[in-house]
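*Asks:* only geometry, no sequence info:
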């Protein structure tokens, strides 16, 4: 697991923010390392969202940290992948960022 130079709670907050942004916008641009770390997190949440129960709604709201985003996950995103066995996201590599040369990528839902 990548640490991103952050303590545990700030790393968790970073991932929660990235998950929320990806769910709301369905496509985000970030560093390649963050995108690769985000992929398994979002894939597990989509898999849980396919099972539309009250317990899963509450779990998603806790993990995503936003009522609006969790509703979108349950009502729009997860139903699209009901018949798909996995691989709900794709990572596309971009040219390096000009300021510091960091490898960039776009992560989006398939």
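*Replies:* Right, received. Where do you want to start? Model, not experiment: these values are computed from the prediction.

*Asks:* how long is stretch 45-60 end to end?
*Replies:* Terminal residues of stretch 45-60 are spaced 7 Å apart (C-alpha to C-alpha, to the nearest Å).

*Asks:* buried residues, that stretch. List them.
*Replies:* Neighbour-count burial for stretch 45-60 flags 45, 46, 47, 48, 49, 50, 56, 57, 59, 60 (criterion: 16 or more other C-beta atoms under 10 Å). The C-beta positions use only the backbone N, C-alpha and C, and glycine is treated the same way.

*Asks:* contacts for it?
*Replies:* 19, 63-64, 70, 73-74, 77-79, 81-82, 86, 88 (C-beta atoms under 8 Å, 6 or more residues apart in numbering).

*Asks:* who wins on neighbours among these?
*Replies:* Using other C-beta atoms under 10 Å as the neighbour criterion, residue 73 leads these with 29 neighbours.

*Asks:* between the buried residues of stretch 45-60, which sits nearest residue 6?
*Replies:* residue 45 (20.9 Å; C-beta to C-beta).

*Asks:* can you give me the strands for the chain?
*Replies:* When assigned using DSSP state E, the strands of the chain occupy the ranges 27-31, 89-94, 104-109.

*Asks:* wait, residue 94 touches residue 104, no?
*Replies:* Yes - between residue 94 and residue 104 there is a contact at 4.1 Å, judged by C-beta atoms under 8 Å.

*Asks:* pick out whichever of these two has more residues nearby.
*Replies:* Legend: neighbour count by other C-beta under 10 Å for residue 94 and residue 104, higher for residue 104 (18 against 13).

*Asks:* among the strands of the chain, which comes closest to residue 39?
*Replies:* strand 89-94 (5.5 Å).

*Asks:* list the buried ones in the closest one?
*Replies:* Buried residues in strand 89-94, counted by 16+ other C-beta under 10 Å: residue 89.

*Asks:* report all helices and strands that that strand contacts.
*Replies:* Here strand 89-94 touches helix 32-49, strand 104-109, going by 3 or more C-beta pairs under 8 Å, 6 or more residues apart in numbering; DSSP states H and E.

*Asks:* can you put the ones you listed in JSON lines and add distance to residue 23 and mean pLDDT?
*Replies:* What follows is the helices and strands packed on strand 89-94, written out as JSON lines (distance: least, C-beta to C-beta, whole Å; pLDDT from 0 to 100):
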{"stretch": "helix 32-49", "distance to residue 23": "8", "mean pLDDT": "96"}
{"stretch": "strand 104-109", "distance to residue 23": "9", "mean pLDDT": "97"}
